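Asks: After the sequence you'll find the predicted model.
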Amino acid sequence: MCYRTWMRPSRQLADLLSSRLVPSRFLASQLRRPTGRFGRWILARGLNDGNAEQIAATLDALDLDGTDSFLDVGFGGGRALRLASRKTRGALYGIDFSPDMVARGHRVFADLCAEGRLDLISADVSDLPLRSELVDAVITTNTIYFWPDLPRALRELFRVLVPGGRIAFGFSGREKLAGFGNITKHGFTTFEPGDLERALVEAGFAAVETRALDGELTRGDFVTVARRFERDPT
């Protein structure tokens, strides 16, 4: 199938999700692990454009300073990495489950990679090939639906954060995801804020808070933030 005949790469993700031209099972698998030409050229750009408001809000919640090291888990189209590179001079890391997204990232971010500022790695969030206490801040947007072992993934993220480090999750709630029809019936685990908050506390995180978003494209989305503390901060 030649997707270029019916969709420009810049088209909003919401349009893609509501399109009847793409089989729902195929699209769900691509959202989980973008691959091939569709993943590299259509979905990656759709993720950047369609998730722009959510990514910006989630990144703002981290309140990066000029020296923070930063990790994006499931960086996809890479929008959060580019934005973070303008907020901090610290080291940047990107993890993605898709080798194709990592290969694309090396092309898109050739400047940051050449400067030695950015490392991109294909890996599973449940088994991060990163040393402990590596980064000050972690972001992940619209990825937790696809993590088969949430507690293990959260323990790994806790491990790679420095004491006092921050993590921010951007995600859509159950009601919004249900609006995408059959797509989210294929391999999605949906969450409400309380589900994620409890899992974060059980993994050792503290200062857990959630904010509901209400933008044009983010109505029904949430940002949950938490910190790693070695002991009770009180």
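Replies: Here it is on my side, so go on.
Asks: which SS class is residue 58?
Replies: Classification of residue 58 by DSSP: H, G, I helix; E, B strand; the rest coil places it in helix.
Asks: And for residue 225?
Replies: Assignment for residue 225 (three-state DSSP): strand.
Asks: Would you enumerate the residues in contact with it?
Replies: 61-62, 166-169, 207-210 (Cβ atoms under 8 Å, 6 or more residues apart in numbering). Glycine gets a C-beta too; all of them are placed from N, C-alpha and C.
Asks: Which members of those residues occur in helices, if any?
Replies: Among these, the subset assigned to helices under DSSP state H consists of 61-62.
Asks: Make TSV out of the contacts of residue 225 and add distance to residue 29, neighbour count and pLDDT.
Replies: Below are those laid out as TSV (distance: Cβ to Cβ, whole Å; neighbours: other Cβ atoms under 10 Å; pLDDT from 0 to 100):
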residue	distance to residue 29	neighbour count	pLDDT
61	29	21	97
62	30	23	97
166	31	22	98
167	27	26	98
168	26	22	98
169	22	27	98
207	36	13	97
208	31	17	98
209	33	12	97
210	29	18	98
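Asks: Tell me the one among the contacts of residue 225 nearest to residue 86.
Replies: Residue 86 lies nearest to residue 62 out of the contacts of residue 225, by Cβ to Cβ, at 13.5 Å.
Asks: correct me, but the closest one touches residue 168?
Replies: Yes: with contact defined as Cβ atoms under 8 Å, residue 62 reaches residue 168; the gap is 5.0 Å.
Asks: so who does the closest residue to residue 70 other than its chain neighbours touch?
Replies: Excluding the flanking residues, the one nearest residue 70 by Cβ to Cβ, 6 or more residues apart in numbering is residue 84, at 4.7 Å. When contacts are counted by Cβ under 8 Å, 6+ apart, residue 84 touches 59, 64, 70, 72, 92, 139.
Asks: Would you mind listing which of those are buried?
Replies: Listed as buried from the contacts of residue 84 are 59, 64, 70, 72, 92, 139; burial here means 16 or more other Cβ atoms under 10 Å.
Asks: Name the residues that touch stretch 186-194?
Replies: 24-25, 28-29, 32, 144-147, 150, 171, 173-174, 177-178, 184, 210, 212, 222, 224.
Asks: Which of those are buried? Put it as a ChimeraX command.
Replies: Buried members of these, defined by 16+ other Cβ under 10 Å, are picked up in ChimeraX with:
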select :24,28,29,32,144,145,146,147,150,171,173,177,184,210,222,224
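Asks: In helices, which of the contacts of stretch 186-194 appear?
Replies: 24-25, 28-29, 32, 150, 174, 177-178.
Asks: Widest-spaced pair of those?
Replies: Comparing all pairs in those by Cβ to Cβ, the longest separation belongs to 24 and 150, at 23.6 Å.
Asks: Which pLDDT does the model give residue 126?
Replies: Residue 126 carries a pLDDT value of 96.
Asks: Are we agreed that the residue nearest to residue 70 is in a helix?
Replies: Yes: checked against three-state DSSP, residue 84 lies within a helix.
Asks: ok, it to residue 181 distance?
Replies: 33 Å (Cβ to Cβ, to the nearest Å).
Asks: Next: residue 188.
Replies: Taking Cβ to Cβ, one finds residue 188 at 12 Å from residue 181.
Asks: the more surrounded of the two?
Replies: When residue 188 and residue 181 are compared for neighbours, residue 188 comes out ahead with 19 against 12, by other Cβ atoms under 10 Å.
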